[in-house]
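In: Got a predicted structure here, sequence first:
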Amino acid sequence: MNSASEYWKANLRLVIFCLVIWFVVSYVCGILLVEPLNSIRLGGYKLGFWFAQQGSIYTFVVLIFFYAWRMNRLDRKFNVHED
Amino acid sequence: MDLQILTYIIVGLTFAIYIGIAIWSRARSTGDFYVAGKGVNPIANGMATAADWMSAASFISMAGLIAFKGYDASVYLMGWTGGYVLLAMLLAPYLRKYGKFTVPEFIGDRYYSKTARIVAVICLIVASLTYVIGQMKGIGVAFSRFLDTPYDVGLYIGMGIVFFYAVLGGMKGITYTQIAQYVVLIFAYTVPAIFISLHLTGDALPQTGLGGTLTGTDSFLLDKLDKILVDLGFNPYTAQKGGTLNIFLLTLSLMIGTAGLPHVITRFFTVPRVKDARSSAGWALVFIAILYTTAPAVGAMAFYNLAKTVQPGPVNAPDGALLYEQRPQWFKNWETTGLLAWRDKNGDGRIQYAPGKAFAGKPKVKTDASGKPVIGDNGAPVYLNPPAESKNELYVDRDIMVLANPEIANLPNWVIALVVAGGLAAALSTAAGLLLAIAAAISHDMLKGIFAPGISEKTELLASRFAMGGAVLLAGYFGLNPPGFAAQVVALAFGLAASSLFPAIMMGIFNKRINRTGAILGMLSGLTITLIYIFWYKGWFFLPGTNMAPNSPDHWFLGISPEAFGAVGAAVNFAVAWFVSRATAEPPEHIQHLVEHIRVPQAAGETGNKL
């Protein structure tokens, strides 16, 4: 096992982890489970509605920066970072 | 000061800024022209991407779409933002490492095939052209509505501005004007939103105001809105109306399509390093999210204001609906533009708002011999449209939710002028990004890549300027004579990007085994099935009357709308490419090395790939 393929595997694990969250906040909370979640309130928002129109977007932003931060660490660990 | 003069001044000022930037940031090489010399700061690129992405439709129409569709409009909010997650993790960093100029170039290199490159060029041109026509129309409409300039003159002014900075500066000029345009458009969008939120809920932040209580009461805005709509006979605002499968697939199609649209991808070629491409996607989404999380508040609050205005009392009470002669000034102003209209069906002089259409089509006012509107006995203009069956007497164009907001909230004239400048900024910035993608596909992929590989850089730079000029003229022509497909941006542009470009690029990076035959057959089959599905319900090449089945939920296959089919096309593309590649020879070794090369930001012994 060389380091290039280990780097790639670590990258894939991170991407899959992020995409699971991406899927859960939008497709699960915002669409598939929207009706049951709507019985929970977040102030004036019904929770499912909040995920669909607000929460999923905030999560997307956080996810990208989290991914960028972890990838930069990975780049340095495997010594493939840019000058 | 008179609103029109003020609007001229503010719009004129913003245009002067764009031209000033163009002169300052001229392109001196093809690298400057296609990818801004790969020297754009990631935060600046994020801002430019946001302006590139948010079109006239995002700025003017989206809040209205949300207002009238409620929860169901979430597909656009999630779809047009979630694509950036895919872009940041699956495409942008690798394409930046690849380090050349265009999306078709990558597809052509990775699949060692000019055919693949040509397929990508065709998809790119059709998707971008469809999109750019809408922007041109938006520019013409903004001029004719607010500045009393004829539609075609407005269009020529818009073309002139884009021509100037896009031909002169290419991607470099476009990038820096887009940053200025982002500032104008986000300011113009959020200022009225903050005021309307303060006015209704006492909360200056629209995102929390939407979840807050109405000023002076302890009832929540969204609950009240649900109740008003139910009383008037509509579905509740926060409830789901469409089928779940369609909502799911439409969201997915919009996300994949967003990530696969070439004019967006190309923006990530302009940053200096791979790590900048990753963070820049995050910044782009931050700047987009400011508008996209404000839009639901604007939609709900403007709709609440409208409903409360026309229905001040209880529904079904004889005096519950607003008397037409007591309508507020903003109502009168917007009646003259044809975006609001009232037809007294039951003859009680009051504005009944209910489900269904007030009348067929857009309002057509009856005019007398001198061209003045004929006013009926009830004080309202006489409309030529045949009345529709429903009880509803109010025609509302959804664009009014953003355009009339400053007036409904009693904001000063300069805010209204700013909204006009913001709408123009959104249209111009998106148009320029799309035109660049088209021009680069013609001069770099077709001319330099296929027909005349021997031309010098100087010749190519000249050719790219001509291609840009040609693209502006073509977009202008279609803006004046919109073809049938222009109204189908969502179905066509996102369907093409989702079913052909996104899978081909992603597999090119993540699966070394996909070969030329697999990729080409995959793209063609994804594209074909998506186009057939769209044409089936919308007519062959969008010719009216040639559709095979009515375009309505009960006729759609499994309830999937033509707009939502891109995700199915993408799945077909993935499957065909995978199976065909398994059954045929593996890609040559140098291609496998190319894939390994783009997967790491900088391998040992490699030097950076700045221009």
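Out: Noted; the coordinates are in hand.
In: Every contact and neighbour count from this point should use C-alpha atoms.
Out: Noted.
In: Contacts only, for whichever residue of the stretch 1-150 of chain B sits closest to chain A.
Out: Nearest to chain A, among the residues of the stretch 1-150 of chain B, is residue B:74, at 5.5 Å (C-alpha to the nearest C-alpha). By C-alpha atoms under 8 Å, 6 or more residues apart in numbering or on different chains, the residues touching residue B:74 are A:52, A:53, B:66.
In: Let me know how buried the residue in chain A that chain B sits nearest to is, in neighbour terms.
Out: Closest residue of chain A to chain B, C-alpha to the nearest C-alpha: residue A:44 (4.2 Å). Neighbours of residue A:44 under the rule other C-alpha atoms under 10 Å in any protein chain shown: 19.
In: cool, residue A:6 as well?
Out: Residue A:6: 12 neighbours (other C-alpha under 10 Å).
In: now for the worst-scoring helix or strand of chain A on mean pLDDT, which elements pack on it?
Out: Lowest by mean pLDDT, DSSP states H and E among the helices and strands of chain A is strand A:41-42, with a mean of 91. On a contact count with 3 or more C-alpha pairs under 8 Å, 6 or more residues apart in numbering or on different chains; DSSP states H and E, strand A:41-42 meets no helix or strand.
In: Now find how far off-centre it is within its chain.
Out: Distance of strand A:41-42 from the chain centroid (C-alpha atoms, centre = their mean, to the nearest Å) equals 22 Å.
In: Okay, now the sheet partners of that strand, with direction.
Out: Sheet pairing of strand A:41-42 (DSSP bridges) gives strand A:45-46 (antiparallel).
In: Mind checking the pLDDT average for the strand it pairs with?
Out: The average pLDDT for strand A:45-46 rounds to 95.
In: the helices in chain A, which residues?
Out: A:3-23, A:34-37, A:47-50, A:56-77 (DSSP state H).
In: any idea which of the ones you listed is most buried?
Out: helix A:47-50 (a mean of 26; mean count of other C-alpha atoms under 10 Å in any protein chain shown).
In: any bit of that one sitting next to chain B?
Out: Yes: residues of helix A:47-50 contacting chain B under C-alpha under 8 Å from any C-alpha of the partner chain: residue A:49.
In: sec struct for residue B:341, please.
Out: strand (DSSP: H, G, I helix; E, B strand; the rest coil).
In: Residue B:536 against residue B:549, yeah?
Out: Yes: with contact defined as C-alpha atoms under 8 Å, residue B:536 counts as touching residue B:549 (6.5 Å).
In: neighbour count winner among these two?
Out: Comparing residue B:536 with residue B:549 by other C-alpha under 10 Å, the one with more neighbours is residue B:536, at 20 against 14.
In: Can I get the helix or strand encompassing that one as PDB, trimmed to CA atoms?
Out: Per DSSP states H and E, residue B:536 falls inside helix B:516-538. Output of helix B:516-538 as PDB, limited to C-alpha atoms (Å, rounded to 0.1, in the frame of the first residue of the first chain):
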ATOM      1  CA  ARG B 516     -13.500   6.600 -24.000                       C
ATOM      2  CA  THR B 517     -16.300   4.400 -25.200                       C
ATOM      3  CA  GLY B 518     -18.000   4.200 -21.800                       C
ATOM      4  CA  ALA B 519     -17.900   7.900 -21.300                       C
ATOM      5  CA  ILE B 520     -19.200   8.900 -24.700                       C
ATOM      6  CA  LEU B 521     -22.000   6.300 -24.600                       C
ATOM      7  CA  GLY B 522     -22.800   7.300 -21.100                       C
ATOM      8  CA  MET B 523     -23.100  11.000 -21.900                       C
ATOM      9  CA  LEU B 524     -25.100  10.300 -25.000                       C
ATOM     10  CA  SER B 525     -27.500   8.000 -23.300                       C
ATOM     11  CA  GLY B 526     -28.000  10.200 -20.300                       C
ATOM     12  CA  LEU B 527     -28.500  13.200 -22.600                       C
ATOM     13  CA  THR B 528     -30.900  11.400 -24.900                       C
ATOM     14  CA  ILE B 529     -33.200   9.900 -22.300                       C
ATOM     15  CA  THR B 530     -33.400  13.300 -20.500                       C
ATOM     16  CA  LEU B 531     -34.100  15.300 -23.700                       C
ATOM     17  CA  ILE B 532     -36.700  12.700 -24.800                       C
ATOM     18  CA  TYR B 533     -38.500  13.000 -21.400                       C
ATOM     19  CA  ILE B 534     -38.400  16.800 -21.500                       C
ATOM     20  CA  PHE B 535     -39.600  16.900 -25.200                       C
ATOM     21  CA  TRP B 536     -42.300  14.300 -24.500                       C
ATOM     22  CA  TYR B 537     -44.100  16.700 -22.200                       C
ATOM     23  CA  LYS B 538     -43.000  20.000 -23.500                       C
END
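In: which strands and helices sit next to that helix?
Out: When contacts are defined as 3+ C-alpha pairs under 8 Å, 6+ apart, helix B:516-538 packs onto helix B:114-146, helix B:495-496, helix B:502-510, helix B:566-583.
In: most packed of these?
Out: Highest mean neighbour count among the helices and strands packed on helix B:516-538 (mean count of other C-alpha under 10 Å): helix B:495-496, a mean of 32.
In: on contacts alone, who are the packing partners of that one?
Out: helix B:244-260, helix B:516-538, helix B:566-583.
In: Let's have those helices in CSV, adding mean pLDDT and distance to residue A:26.
Out: Output for these, formatted as CSV (pLDDT from 0 to 100; distance: least, C-alpha to C-alpha, whole Å):
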stretch, mean pLDDT, distance to residue A:26
helix B:244-260, 95, 9
helix B:516-538, 94, 24
helix B:566-583, 96, 16
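In: Out of those, flag the one nearest residue B:271.
Out: helix B:244-260 (17.4 Å; C-alpha to C-alpha).
In: Pull the residues that contact the least confident helix or strand of chain A.
Out: A:47, A:50, B:211.
In: got the contact list for the last one?
Out: What that stands for is residue B:211. A:42, A:43, A:44, A:45, B:220, B:221, B:222.
In: how close does the second one sit to residue B:211?
Out: Distance of residue A:43 to residue B:211, given as C-alpha to C-alpha, to the nearest Å: 6 Å.
In: quick one: which of the helices and strands packed on helix B:516-538 is nearest residue A:12?
Out: helix B:502-510 (9.3 Å).
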